[in-house]
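Student: Give me coordinates for this.
(chains A and B)
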Amino acid sequence: MTTDTPAPVGSTVVDKRFPPITRTTLALYAGASGDLNPMHIDIDFARKSGFSDVFAHGMLVMAMLGQAVTDVVRPDRLRAFSTRFVAITELGATIRCEGTIAELFEAEGEKRARLALTARNEAGEVKLSGEAIVAI
Amino acid sequence: MVDSSAIGRSLAPTHARVEAGRLRYFFNTLGESNPVFRDPVAANAAGFAATPIPPTYLFCLEMMDADDPFAMLEALDIDLRRILHGEQKFVYHAPVVVGDELTLQSTVTGVTQKKGGAMTLIDVTTRITNQRAEHVADAIRVVVVRNPEAAS
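Tutor: Numbering: from 1, shown residues only, chains lettered A, B, ... in the order given. All right, here's what the predicted structure looks like:
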């Protein structure tokens, strides 16, 4: 996206697929992120808590969404980034991150775009929905 | 059950240093290949003082460098098995790059009861400043607590 040729509202500007989330992914992410909640790495703990298995950290999937955004937007042009964790992301999920331009506006003396974002699994179920505000 | 008396509660601030090695581990886990994050020369060429952090990493820094990452939950007497992360928001004011020394101060800014008390939503807002006392970002998380004993 450049200042000269902003894509129109409705355009899909983010579309990235990630490899399946494995137990290894969750173990590595726990260490890499400092999120040591055993819910994501210890099946015994997850079962005691009423879940059938461990599941992905919401923030792991948000990091995927963030990466998909910064693939097309310089990180210093990101003004805000938010997500709702709509549903638990199961082991094995193959996440696809998409973003469309929902609004073009001006704020604080610069042109900005609001991107509507989703992270879905291979069945198309929304796991995260959110938005990013970027300077264009 | 946590109620609105928790609003305003804050803990000792967390001090975190943005380290290249820890960041590399994060990028390897996520399969990040963007040169602006991975290569200091590319970051400099793009106008960054050093390689920048990715959008969600502020959350990680607080978890990694807090003496007890679950201190807020313990202070509010919340069982880890009953929580889910409901929402997360970041508002960015200035870039954060490798080498920065951050101070992260978290405060409970909202408590909402849902479904007749079966769920409590707790908003925790983290104000983040750097070594020059610049306010670089705010991170806001919504923690969902399931209160099965309150479910009718």
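Student: any idea whether residue A:93 is helix, strand or coil?
Tutor: Look at residue A:93: counting by DSSP: H, G, I helix; E, B strand; the rest coil, its state is coil.
Student: beta partners of residue B:129?
Tutor: For residue B:129, the beta-bridge partners under DSSP bridges are residue B:103, residue B:135.
Student: Run a quick neighbour tally on it.
Tutor: The local packing of residue B:129 (other Cβ atoms under 10 Å in any protein chain shown) involves 18 other residues. In this view, the C-beta of every residue, glycine as well, is placed from N, C-alpha and C.
Student: And for the one 3 residues further on?
Tutor: The burial metric for residue B:132, expressed as a neighbour count using other Cβ under 10 Å, is 9.
Student: With residue B:125 instead?
Tutor: Neighbours of residue B:125 using other Cβ under 10 Å come to 17.
Student: my guess is it contacts residue B:104, does it?
Tutor: No: between residue B:125 and residue B:104 there is no contact under Cβ atoms under 8 Å: 10.8 Å.
Student: Mutual contacts of the two, please.
Tutor: Common contact partners of residue B:125 and residue B:104 (Cβ atoms under 8 Å, 6 or more residues apart in numbering or on different chains): residue B:139.
Student: Residue B:95: what's it in contact with?
Tutor: Residue B:95 touches A:75, A:76, B:48, B:49, B:52, B:136, counting by Cβ under 8 Å, 6+ apart.
Student: Find the nearest non-adjacent residue to residue A:36, please.
Tutor: residue A:30 (5.6 Å; Cβ to Cβ, 6 or more residues apart in numbering or on different chains).
Student: now the helix or strand harbouring that neighbour: mean pLDDT?
Tutor: Following DSSP states H and E, one finds residue A:30 within helix A:23-33. Per-residue pLDDT over helix A:23-33 has a mean of 97.
Student: What are the buried residues along it?
Tutor: Neighbour counts over helix A:23-33 (16 or more other Cβ atoms under 10 Å in any protein chain shown) mark A:25, A:26, A:28, A:29, A:30, A:32, A:33 as buried.
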